[in-house]
Structure formats: structure tokens, C-alpha cells
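Chemist: I would like the atomic coordinates for the input below:
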Amino acid sequence: MLLKSCLLLLLCSVVALSTATSYDGYKIYDINAQNNFEKQLMLRLSQNEDFDFFDLPRAADVATRVMVQPKDQPSFEELLRRFNVDYVVVDDNLGATLAKEQLESHSERFMEERASARSISFTKFHRHAEINAYLDELAKAYPSRVTVQTAGKSYENRDLKTITITNGDGRKDKNVIFLDAGIHAREWIAHAGALYVIYQLAENFMANAALLKDYDWVILPVVNPDGYEYTFSSSRMWRKTRKPAGACTGTDGNRNFDFHWGEVGASSLSCADTYMGPTSFSEPETQVVRDLLLSLTGRGKFYLTLHSYGNYLLYPWGWTSALPTEWRAIDEVAQAGAAAIKSSTGTKYTVGSSTNVLYAAAGGSDDYAFGVAKFPISITMELPAGGSGFNPTTDQILPFVSETWTGIRAMAQKVIEKY
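Modeler: Numbering: from 1, shown residues only. Just a heads-up that it's a prediction; the model follows:
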């Protein structure tokens with residue numbers, strides 16, 4: 001009977017997948033832009049909303065990855081050939097790749113027997129309701145150390161829950177580390193990374209007690225739950241929120257913060273993936289992050305926002321290539337994280353200001369946290385690529401998030417030492 005039920009659920013999942021946005025025939029390219037002209041060509045092409053550029057690194061030795069739909073592939077490839085730009089196809093049918101990964105994930109969901117008594121694991125990607133349920137479980141299991149609050153609602157009325165983790169000593173007004181994840185819906189490994197931090201602090205408390213002696217941690221593991229759920233139900237590569245925007249849907253939450261909003265690196269076209277919104281803080285989700293940041297002004301010493309992908313530790317400014325006066329303190333913290341990861345796994349993280357490592361993009365949460373909410377340390381952590389970029393396999397989750405925790409722990413230790 002159990003086997004029949006599992007097979008029925010798996011069949012329903014297959015039907016659901018078949019009604020979602022198809023990426024059949026979509027190709028993923030790595031473009032090896034070798035000089036400034038080719039890099040500028042990539043930057044110009046990225047402004048075409050028909051092309052989905054996953055990243056735009058400045059470094060000559062790092063490829064630019066882009067997703068192109070079938071109708072545009074002949075002209076796109078002809079353009080690259082015309083300018084002698086080197087490229088390789090890393091996935092010639094993203095739709096088939098995603099379908100295979102989703103079926104494997106659904107099979108594991110119904111067939112695995114968890115050793116843990118908790119509702120969370122790091123062998124699959126969890127839905128928003130599962131994540132919120134896990135936070136509530138922790139609050140019940142560790143009532144003296146863990147509290148959960150609903151910080152606000154998404155556009156589609158989903159709860160944005162924060163978890164506050166302490167050492168239970170009852171001391172008020174401790175300094176705070178605030179971490180969030182998932183402002184971009186398709187970056188599933190970021191949500192998993194936040195969950196692993198929560199797991200380490202709450203359930204592996206004795207090993208991490210020093211991180212909670214003089215600091216409390218506030219974590220918002222899913223900033224954009226509507227978009228996140230949409231990546232499961234309808235379109236795996238969806239990036240934005242889900243609030244209607246002109247003729248299209250959604251705003252890029254990380255272009256929506258009111259600090260040099262709309263000045264550079266953001267689109268005023270509502271259908272673009274980097275659409276900045278009709279106004280700053282037009283999205284209820286970014287309003288929640290704003291209010292949390294401002295409520296922690298003074299106590300908040302470290303803001304960390306998790307994204308993917310690219311192996312980057314980025315800091316302000318995102319709106320200009322100029323560096324803030326205090327950049328060396330932020331760089332010291334970021335370098336501590338990069339060094340810890342390199343020593344542990346050999347993975348190299350690039351460290352620097354957002355504009356100088358990538359390109360200028362105003363309206364980001366890290367700039368707002370530093371420039372307005374006055375967090376002295378504000379960092380964006382771009383986790384590694386999996387699959388063709390945003391789609392790590394379930395086998396990659398635990399290695400990625402445990403490596404990420406190594407870096408986060410080292411950065412937190414440096415912040416605690418400094419402040």
C-alpha cells in the first residue's frame with residue numbers, strides 16, 4: 001500500500017512538472033571573453049531581456065554563462081562567431097536536464113527514510129512550508145534558545161519567518177548577526193545554506209557556543225517565498241518576486257532597495273530579470289528586510305546575504321567602483337571566510353567590492369545594510385555553481401552548504417573579534 005501511494009504521488013509530480021514552463025531546447029553557454037571589447041560585448045548583450053545572463057565576471061579567466069532560448073540560438077551563435085568570441089555549450093537541452101533532476105528529487109522525497117527526527121535534511125531541496133515548519137520545530141525543541149517570528153507577509157500572503165538563535169542566557173541587547181537568503185528565487189542552494197547555518201547554531205549548539213556567547217543570530221531563510229514556490233511549480237529559472245509589474249510579473253528584489261536606487265545596473269523594463277520596480281521598496285518582501293535591518297541598527301554588526309552562484313564574497317559598493325572609507329575592515333572579514341574555505345576544501349572564493357569584481361548594480365540589500373542601516377560589515381556570499389549553474393544536484397547540497405558554513409563561521413569569528 002505504501003509503495004502504491006508513493007508511486008501515485010510520484011506520478012502526480014510528473015504531471016505537475018509537465019504543465020510547468022518548459023526549457024526544452026534551451027542552451028547554456030560558457031563564453032570566454034578574453035579582452036575588454038569582448039567583455040563590453042557581453043555587458044551590452046546582457047541588456048537584451050531575451051538572453052538570461054547567469055553572471056558577468058570582469059576577470060578575463062572566468063567564463064560568462066548565459067541561457068538562450070531556441071529561437072535566438074542561431075543569431076546568438078552567429079554573432080559570437082562574427083566577433084571571434086570563444087564559447088562552449090555546457091548544456092544543449094536544459095529542459096531535459098531539469099526534468100531528470102526533478103524526477104530524481106521527487107523520487108528521493110518519497111522513497112528516502114530519514115535518520116533524523118527533524119523534518120529537514122540536506123539530501124533534497126525543501127519547499128517554503130517545510131522550511132517554516134522546521135523553524136517552528138526548533139522553537140518548540142529549544143524554547144530557551146530559539147524564537148520564531150513572522151516578520152511579514154509576501155505578496156501572495158506567505159509568512160516570512162525569522163528565527164532568532166541565542167545561547168539562552170537571557171542577556172538583552174547583544175550584538176547581532178543578521179543573515180538572509182533567497183531574494184532571488186532560483187538560487188536554491190542559498191536557501192539550503194541558510195538552513196545549514198540554522199542547523200549548526202540550534203542543533204549543534206555545543207560545538208558553536210562561542211558564536212553565541214556575545215552575539216544573537218537573526219536569520220530569514222526565504223526572503224522571496226512566492227518566487228521560490230514558483231520555481232517548484234512553474235518555472236525553475238524564475239528570479240524575481242511575483243507581484244504584478246506592468247505587462248509582466250515580478251521585481252528583482254536585489255535592485256529594489258532605496259540606496260542609489262535605479263542609478264545603474266538595473267532595468268526600468270518590467271519584463272527584465274533585473275527590473276528595479278516602479279519605486280524603491282515596492283515589494284512587501286524587500287520592505288520586510290528593510291524593517292528588520294533598521295530595527296537592528298546599532299546592534300547589528302554583520303549582515304550576510306546568501307546568493308548563488310559564482311564563488312564570490314562581495315561588499316559595498318554595488319553602485320560605484322569607489323570603495324567606502326571602511327572597506328579594509330569588511331575586506332578583512334571576507335578574506336577570513338575565503339581563507340577558511342580554501343584551507344578546508346581547496347575552493348577559491350574571489351573577494352572584493354561588487355562593482356569591481358562584477359559590474360555596478362544599484363539598489364542591493366548589502367549596500368542598504370551598510371549605507372543606511374549602518375551595519376559595519378555587510379557582505380554578499382555567492383555560493384558555488386551546481387549543474388549548469390543554478391541547479392545543483394541533491395548530491396551536491398551537503399558538500400556545498402558545509403563548505404559555506406566553514407566560511408560563514410570564520411567570518412563570524414572575525415566579526416566577534418573586531419566588534
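Chemist: any idea how far residue 91 is from the residue nearest to the spatial centre of the chain?
Modeler: Geometric centre of the chain, nearest residue: residue 307, 2.5 Å, by Cα atoms, centre = their mean. In this view, residue 307 and residue 91 are 21 Å apart by Cβ to Cβ, to the nearest Å. For glycine as for every other residue, the C-beta is placed from the backbone atoms N, C-alpha and C.
Chemist: ok so, going back, tell me the contacts of the residue lying closest to the residue nearest to the centre of the chain once chain neighbours are set aside?
Modeler: Excluding its sequence neighbours, the residue lying closest to residue 307 (Cβ to Cβ, 6 or more residues apart in numbering) is residue 382, at 5.0 Å. Residue 382 makes contact with 307, 308, 309, 310, 311, 312, 313, 314, according to Cβ atoms under 8 Å, 6 or more residues apart in numbering.
Chemist: And residue 382, what's its pLDDT?
Modeler: Residue 382 is assigned 93 on the pLDDT scale.
Chemist: Sheet-wise, list the partners of the helix or strand it falls within with their directions.
Modeler: Assessed by DSSP states H and E, residue 382 sits inside strand 377-383. Here strand 377-383 has these sheet partners by DSSP bridges: strand 300-308 (parallel), strand 312-315 (antiparallel).
Chemist: any idea which helix or strand comes after that strand?
Modeler: By DSSP H and E, the next helix or strand past strand 377-383 is helix 394-418.
Chemist: give me the low-pLDDT residue ranges for the chain?
Modeler: 1-20, 57-60, 101-118, 386-388 (pLDDT under 70).
Chemist: Tell me where it has helices.
Modeler: All helices of the chain, identified by DSSP state H, fall at 2-18, 36-45, 73-82, 94-111, 128-141, 188-203, 225-233, 284-295, 327-345, 354-357, 365-371, 394-418.
Chemist: got the angle for the second one vs helix 73-82?
Modeler: Which is helix 36-45. 160 degrees (axes from the mean of the first three to the mean of the last three Cα atoms, to 10 degrees).
Chemist: what's helix 36-45 in contact with?
Modeler: Against helix 36-45 from outside (Cβ under 8 Å, 6+ apart): 31, 33, 51, 53, 56, 58, 60, 64, 66, 79, 83, 85, 359.
Chemist: how about 10 Å then?
Modeler: 31-33, 35, 51, 53, 56-60, 64, 66, 68, 76, 79-80, 83-86, 265, 359 (Cβ atoms under 10 Å, 6 or more residues apart in numbering).
Chemist: Name the residues of that helix that are buried.
Modeler: Within helix 36-45, the residues that qualify as buried are 38, 39, 41, 42, 43, 45, counting by 16 or more other Cβ atoms under 10 Å.
Chemist: Please apply the same query to the longest one.
Modeler: Buried positions in helix 394-418, judged by neighbour count with 16+ other Cβ under 10 Å: 394, 396-397, 400-401, 403-416.
Chemist: That helix - contacts with which helices or strands?
Modeler: Here helix 394-418 touches helix 94-111, strand 175-181, helix 188-203, strand 215-220, strand 300-308, helix 327-345, strand 377-383, going by 3 or more Cβ pairs under 10 Å, 6 or more residues apart in numbering; DSSP states H and E.
Chemist: ditto for the shortest one
Modeler: With contacts taken as 3+ Cβ pairs under 10 Å, 6+ apart, helix 354-357 sits against strand 312-315, strand 377-383.
Chemist: Tell me which of the ones you listed approaches residue 348 most closely.
Modeler: With distances scored as Cβ to Cβ, the stretch of the helices and strands packed on helix 354-357 nearest to residue 348 is strand 312-315 (10.4 Å).
Chemist: Need the buried ones from the contacts of residue 382 selected in ChimeraX.
Modeler: In ChimeraX, a selection of the buried entries from these looks like this (16+ other Cβ under 10 Å):
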select :307,308,309,310,311,312,313,314
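Chemist: Touching, residue 121 and residue 401? I think so.
Modeler: No. The pair residue 121 / residue 401 is not scored as a contact, 11.3 Å apart, by Cβ atoms under 10 Å.
Chemist: got any residues that touch both of the two?
Modeler: 195, 199.
Chemist: quick one on the thing from earlier: closest to residue 27 out of the helices of the chain?
Modeler: It's helix 73-82; of those, that one is closest to residue 27 (Cβ to Cβ) at 5.9 Å.
Chemist: Could you check stretch 322-334 and say which residues are buried?
Modeler: Buried residues in stretch 322-334 (16+ other Cβ under 10 Å): 323, 324, 329, 330, 331, 332, 333, 334.
Chemist: correction: stretch 53-68
Modeler: Applying 16+ other Cβ under 10 Å to stretch 53-68 flags 53-58, 62-68 as buried.
Chemist: do stretch 254-267 as well
Modeler: Under the neighbour-count criterion of 16+ other Cβ under 10 Å, stretch 254-267 has 254, 255, 256, 257, 259, 260, 261, 262, 265, 266, 267 buried.
Chemist: and of those, the nearest to residue 126?
Modeler: residue 254 (22.1 Å).
Chemist: residues contacting that closest one?
Modeler: Residue 254 touches 183-184, 223-224, 239-240, 266, 274, 276, 286, 289, 305, 307, 318, 361, 363-368, 380, counting by Cβ under 10 Å, 6+ apart.
Chemist: Same question for residue 83.
Modeler: Contact analysis of residue 83 by Cβ under 10 Å, 6+ apart lists 33, 37, 38, 41.
Chemist: Could you check how far residue 124 is from residue 54?
Modeler: For residue 124, the distance to residue 54 - Cβ to Cβ - is 23 Å.
Chemist: ok, now residue 163?
Modeler: From residue 163 to residue 54 the distance is 30 Å (Cβ to Cβ).
Chemist: Next: residue 162.
Modeler: In terms of Cβ to Cβ, residue 162 sits 29 Å off from residue 54.
Chemist: again with residue 143
Modeler: 42 Å.
Chemist: circling back to that earlier point, nearest to residue 149 among the contacts of residue 382?
Modeler: Lowest distance from residue 149 to the contacts of residue 382 (Cβ to Cβ) belongs to residue 307, with 23.8 Å.
Chemist: wait, doesn't that closest one sit right on residue 361?
Modeler: No. Using Cβ under 10 Å as the test, residue 307 is too far from residue 361 to be in contact (11.8 Å).
Chemist: you'd agree residue 220 is up against residue 296?
Modeler: No. Between residue 220 and residue 296 there is no contact under Cβ under 10 Å: 11.7 Å.
Chemist: For the two, list the residues in contact with both.
Modeler: Common neighbours of residue 220 and residue 296 (Cβ under 10 Å, 6+ apart) are residue 178.
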